[in-house]
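In: need a structure here:
(one chain, ligands or ions: 3)
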Amino acid sequence: MSTLRLLKPTSIRKAFLAVFVLSLSLTLTPAHAGPGAQYPVLEVQASTGWTTVVPMHLNRDGFTDLLSYNASTGKAVYSVATGTPGAQYPVFEVQAAKGWTAVVPMHLNRDGLTDLLFYNANTGKAVYSVATTAPGVQQTVLEVQAAKGWTSVVPLNINGDGLTDLLSYNASTGRAVYSVATSVPGDQQTALEVQASTGWTAVVPLNINGNVLSDLLSYNKTTGRAVYSVSD
Ligand SMILES: [Ca+2]
Ligand SMILES: [Ca+2]
Ligand SMILES: [Ca+2]
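Out: Ligands and ions are numbered 1, 2, ... in the order given. Okay, the predicted model is just below:
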């Protein structure tokens, strides 16, 4: 209805707004919708310095929310998606610990709200926290002294039980440990240890073959080597 009103401008300013709204809606229409076709819907000047930006579900509306974290300052901002594609607004800001080298979105329970693992590769400290019903508010459920030096901590679905499992990988040594979630939130049990290739700088969970188990893309930024592997 507001768009119709804008189409009957009573001033130059309203006429300009009508044109702007019309062009915006045209911009939002994709030329085609084939696989890989992406088109920008929003560009914003955000804060500088976020070292980790984590996709989360802070509520159950189906739109992905975000956590932005600065490892140097410890600042963390949780923001929720609005109905406008790309538009997020902050709901919670907290002064967190500094130095987390990995912030991993997980499901430590089955409530549909994303929980978190914070890991510091220099100290080995790991903190698991679960989402409360207040968006962005997380409660620590487990702190553990883990191994140091994991360069990738990857959320996986190894067994299909709805609780997030983990792959911890050290790019220097090639050591890789798969662990599965137990029913105690945050508790993980080692399921497999393997000596993998060294040098993977990115290990990315994917769904390649359509089953519920996580597949992987491993990428070495120095050599450009990329390996896709599937779980079945
Ligand atoms: Ca959401
Ligand atoms: Ca949860
Ligand atoms: Ca699991």
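
In: quick one: which helix or strand includes the closest residue to S229 other than its chain neighbours?
Out: With sequence-adjacent residues excluded and distances taken as CB to CB, 6 or more residues apart in numbering, S229 is closest to L216, at 4.9 Å. All C-beta spots, glycine's among them, are computed from the backbone N, C-alpha and C. Per DSSP states H and E: L216 is located in strand 215-219.

In: If we go by neighbour counts, what in that strand is buried?
Out: For strand 215-219, the neighbour count (16 or more other CB atoms under 10 Å) marks 215-216, 218-219 as buried.

In: what's the spacing between it and its chain's center?
Out: Strand 215-219 sits 16 Å away from the centroid of its parent chain (CA atoms, centre = their mean, to the nearest Å).

In: Mean confidence (pLDDT) on it, please.
Out: The average of the pLDDT scores along strand 215-219 is 97.

In: same question, stretch 127-142
Out: pLDDT averaged over stretch 127-142 gives 96.

In: which residues touch that stretch?
Out: For stretch 127-142, the external contacting residues (CB atoms under 8 Å, 6 or more residues apart in numbering) are 56, 58-59, 65, 67, 78, 80, 91-92, 94, 106, 108-109, 111, 113-118, 143-144, 184-187.

In: Now with 6 Å, please.
Out: For stretch 127-142, contacts defined as CB atoms under 6 Å, 6 or more residues apart in numbering pick out 58-59, 78, 80, 91-92, 108, 113, 115-118, 143, 185-186.

In: quick revisit: and the next helix or strand past the strand holding L216?
Out: Once the chain leaves strand 215-219, the next helix or strand it forms, by DSSP H and E, is strand 226-229.

In: who does that next one touch, helix- and strand-wise?
Out: Judged by 3 or more CB pairs under 6 Å, 6 or more residues apart in numbering; DSSP states H and E, strand 226-229 is in contact with strand 215-219.

In: partners of the strand it packs on, with directions?
Out: Strands flanking strand 215-219 in the sheet, each with its direction: strand 202-206 (antiparallel), strand 226-229 (antiparallel) (DSSP bridges).
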